[in-house]
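# got a sequence here, can you build the structure:
(chains A, B, C and D)
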Number of protein chains: 2
Amino acid sequence: MTAQKPDRRVQRTRQLLHEALISLILEKGYDRISVQDIVDRANVGRSTFYDHYQDKDDLLVSDLEVFHGQLGQGGTEAPAGDVLLSSLHVFQHAQDNYHLYKALLGGDGINLILRTSQKQLSDEVLNRLDERTGNGRVDIVPPDILANHLSSSLLSLLTWWLDHEMPYSPEKMEEIYQYLVKPGVDSILNGK
Amino acid sequence: MTAQKPDRRVQRTRQLLHEALISLILEKGYDRISVQDIVDRANVGRSTFYDHYQDKDDLLVSDLEVFHGQLGQGGTEAPAGDVLLSSLHVFQHAQDNYHLYKALLGGDGINLILRTSQKQLSDEVLNRLDERTGNGRVDIVPPDILANHLSSSLLSLLTWWLDHEMPYSPEKMEEIYQYLVKPGVDSILNGK
DNA sequence: TTTGTTATCGGACAACATGTCCGGTAAATA
DNA sequence: TATTTACCGGACATGTTGTCCGATAACAAA
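Residues are numbered from 1 along each chain as shown, chains lettered A, B, ... in the order given. Got it, this is the predicted structure:
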């Protein structure tokens, strides 16, 4: 079993496909891209694509691994005992890789349902917030961000509940939701 | 302009397509469904499908409108001055329409990227939470729900930031994130 | 019941997408 | 230089999409 040097062409081809996918997601949205689009953009033969990946999703997942890898490393480890995520590192990394993040998280192609539902809820919250402007620390947390937070928290909690086959009653979930978000809202709106 | 009675066939056809879509999403996931699958299940001609909807997405969006409509009505209006969403109503409605909700929000087909990223973050938070079990009100808010909340909040905040072209600095976003979630976490972990 | 309308059907069509297989070529390693 | 192998391009069968058409049967109105 002699040591094998890796063929330099492989990495290059995968890199080309990677870049093509990202740029195409930005232009057309993930689900409007065909394998043909990707290989045209990358100047790679279509059969070569299938030598590397099973399908379009496979390429995306492989890209996501790089994405998560970069995100994990380089960040100062969270202070021991601190439960909160080091969001600063996330935001800085997103700023440094704006296009990548925007392609993966932004836009509207990928998450049609959740985005539609959340916008609906968020608008509703925003309406209520408008009625109580002036007081509170709105300077620190803008109302639209607060609305976004409240609606997305509810939807993610709901999604968790469904994925786990509704292990608690709606009343219990309501209680949990309150415990999670109310202290934050109070401290912002009532100036603590 | 005489009053026209609606043709009863129309509503029936749309209802059949609606039911077929929902059941198929549950079985295969949204993006693995073809129009052919839908019309086969619904016993509707394929050309008839295109008489009603432009494409698969169009049918889904139309279903979402019903979804949001049901969600909006019937809920006791939020107490005036209360900013929080009436999550109880949402959870009850989800319980009454479990299959619909599960089809639209559950599973993994529709939100590959966000779900993958969130699971990553959530696991990380959960690890940290394990180190401080015992104290706090874990009985009210289970650790995995708390981890889910913290990670999804960060991702939704990040998504908002990207969609609005990064109007604040990463440091400012970090501050906002802390303001939003920290009070809730503290009250849960430290027993207030 | 009769009449006029129209929703539905099924088939046909072109264009495109998918995944696989193959032999030839060129670039890599040894 | 010799040998391995990554890449290419073409071909193939299969499936998907969106559109158009004429025929049929269900409908509303009279």
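
# which residues touch residue A:14?
Contacts of residue A:14 were listed using Cβ atoms under 8 Å, 6 or more residues apart in numbering or on different chains, and they are A:52, A:62. For glycine as for every other residue, the C-beta is placed from the backbone atoms N, C-alpha and C.

# contacting residues for residue A:33?
A:21, A:24-25, A:56.

# per-residue confidence for it?
The model reports residue A:33 with a pLDDT of 93.

# residue A:30: neighbour count?
20 (other Cβ atoms under 10 Å in any protein chain shown).

# how close does the residue nearest to residue A:183 when sequence neighbours are not counted get to residue A:186?
Setting aside the residues directly before and after it, residue A:183 is nearest to residue B:183 in space (Cβ to Cβ, 6 or more residues apart in numbering or on different chains), at 3.5 Å. Applying Cβ to Cβ, to the nearest Å, the value for residue B:183 to residue A:186 is 7 Å.

# which of the contacts of residue A:33 fall in helices?
Members of the contacts of residue A:33 lying in helices (criterion: DSSP state H): A:21, A:24-25, A:56.

# for the helix or strand residue A:12 falls within, buried residues please.
According to DSSP states H and E, residue A:12 maps onto helix A:8-28. Residues of helix A:8-28 classed as buried: A:13-14, A:16-18, A:20-22, A:24-25 (neighbour count, 16 or more other Cβ atoms under 10 Å in any protein chain shown).

# does that helix come close to DNA strand C?
Yes. For helix A:8-28 and DNA strand C, the contact criterion (Cβ under 7 Å from any atom of the strand) is met by A:8-9.

# export that helix to CSV, keeping only CA atoms.
Extracted C-alpha coordinates of helix A:8-28, given in CSV (Å, rounded to 0.1, in the frame of the first residue of the first chain):
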residue,chain,number,x,y,z
ARG,A,8,-4.6,18.0,-8.5
ARG,A,9,-7.4,18.1,-11.2
VAL,A,10,-9.9,16.7,-8.8
GLN,A,11,-9.9,19.5,-6.3
ARG,A,12,-9.9,22.1,-9.1
THR,A,13,-13.0,20.6,-10.7
ARG,A,14,-14.8,20.5,-7.4
GLN,A,15,-13.9,24.1,-6.7
LEU,A,16,-15.2,25.2,-10.1
LEU,A,17,-18.5,23.4,-9.5
HIS,A,18,-18.7,24.9,-6.1
GLU,A,19,-18.3,28.4,-7.4
ALA,A,20,-20.7,27.9,-10.2
LEU,A,21,-23.4,26.7,-7.8
ILE,A,22,-23.0,29.6,-5.5
SER,A,23,-23.1,32.2,-8.2
LEU,A,24,-26.1,30.5,-9.8
ILE,A,25,-28.0,30.4,-6.5
LEU,A,26,-27.5,34.1,-6.2
GLU,A,27,-28.9,34.7,-9.7
LYS,A,28,-31.8,32.2,-10.1
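
# compare residue B:183 and residue A:186 (neighbour count), which wins?
Neighbours of residue B:183 and residue A:186, each counted by other Cβ under 10 Å, are more numerous for residue B:183; the result is 21 against 17.

# need the pLDDT of the more buried one.
At residue B:183, pLDDT is 89.

# strands of chain A, start to end?
Applying DSSP state E to chain A gives no strands.

# so what's the nearest residue to residue A:59 once chain neighbours are set aside up against?
Leaving aside its chain neighbours, residue A:59 sits nearest to residue A:53 (4.6 Å; criterion: Cβ to Cβ, 6+ apart). Contacts for residue A:53 (Cβ under 8 Å, 6+ apart) come out as A:17, A:59, A:62.

# so how far is residue A:60 from the nearest residue to the last one once chain neighbours are set aside?
In this case it means residue A:62. Nearest residue to residue A:62 in three dimensions, chain neighbours excluded: residue A:53, at 6.8 Å (Cβ to Cβ, 6+ apart). Using Cβ to Cβ, residue A:53 is found at 9 Å from residue A:60.

# and what of residue A:5?
Residue A:5 is 29 Å from residue A:60, by Cβ to Cβ.

# of those two, who's got more company?
residue A:60 (22 against 5).

# so what's the closest residue in space to residue A:187 that isn't next to it in sequence up against?
Nearest non-adjacent residue to residue A:187, counting by Cβ to Cβ, 6+ apart: residue B:183, 4.8 Å away. Applying Cβ under 8 Å, 6+ apart, we find residue B:183 in contact with A:183-184, A:186-187.

# nearest to DNA strand C among those residues?
Of all the contacts of residue B:183, the one sitting nearest DNA strand C is residue A:184; the distance, using Cβ to the nearest atom of the strand, is 43.0 Å.
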